[in-house]
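prediction below, plus the sequence it came from.
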Amino acid sequence: MSEAEWAAFLTDTVTPRFPDGLSVLNVEGQTREPSGRTVRERTKLMVVVVFDAPAHQGKVREIIEAYNSRFGQHGVFRSEQPVCAGL
């Protein structure tokens, strides 16, 4: 995935679902393919903070499905953590 492809995905798929904002970090990652081979790659870490996580689960699933389909991925790591955030 090129930076242009990522930017388009962010604009077309992610931002409409989370228009209030999010953070994206460039990171080095590794994954195990279904074949068992370990692959190291540059990847993206996206952080979205919401105040009602259950209400947003459908949006997150849609983003994951769109990413897998668009970029031919076999999986996306997702983690939810409660946080204490103030404005």
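That came through fine. Residues are numbered from 1 along each chain as shown.

L45 against V24, yeah?
Yes: in this structure L45 lies within contact range of V24 using C-beta atoms under 8 Å: 7.1 Å. Every residue, glycine included, has its C-beta placed from N, CA and C.

more neighbours: which of the two?
The residue with more neighbours, out of L45 and V24, is V24; 14 against 11, by other C-beta atoms under 10 Å.

same for the helix or strand harbouring G58, what does it pack against?
Element membership for G58, per DSSP states H and E: helix 53-71. Contact here means 3 or more C-beta pairs under 8 Å, 6 or more residues apart in numbering; DSSP states H and E; on that basis helix 53-71 packs against helix 3-9.

show me what counts as buried in the helix it packs on.
For helix 3-9, burial by neighbour count (16 or more other C-beta atoms under 10 Å) applies to 6, 9.

I would like the residues contacting it, please.
Helix 3-9 has contacts (C-beta atoms under 8 Å, 6 or more residues apart in numbering) with 44, 66-67, 70-71.

please repeat the previous calculation with a cut-off of 10 Å.
Contacts with helix 3-9, where a contact means C-beta atoms under 10 Å, 6 or more residues apart in numbering, come from 1-2, 14-15, 24, 26, 43-44, 63, 66-67, 70-71.
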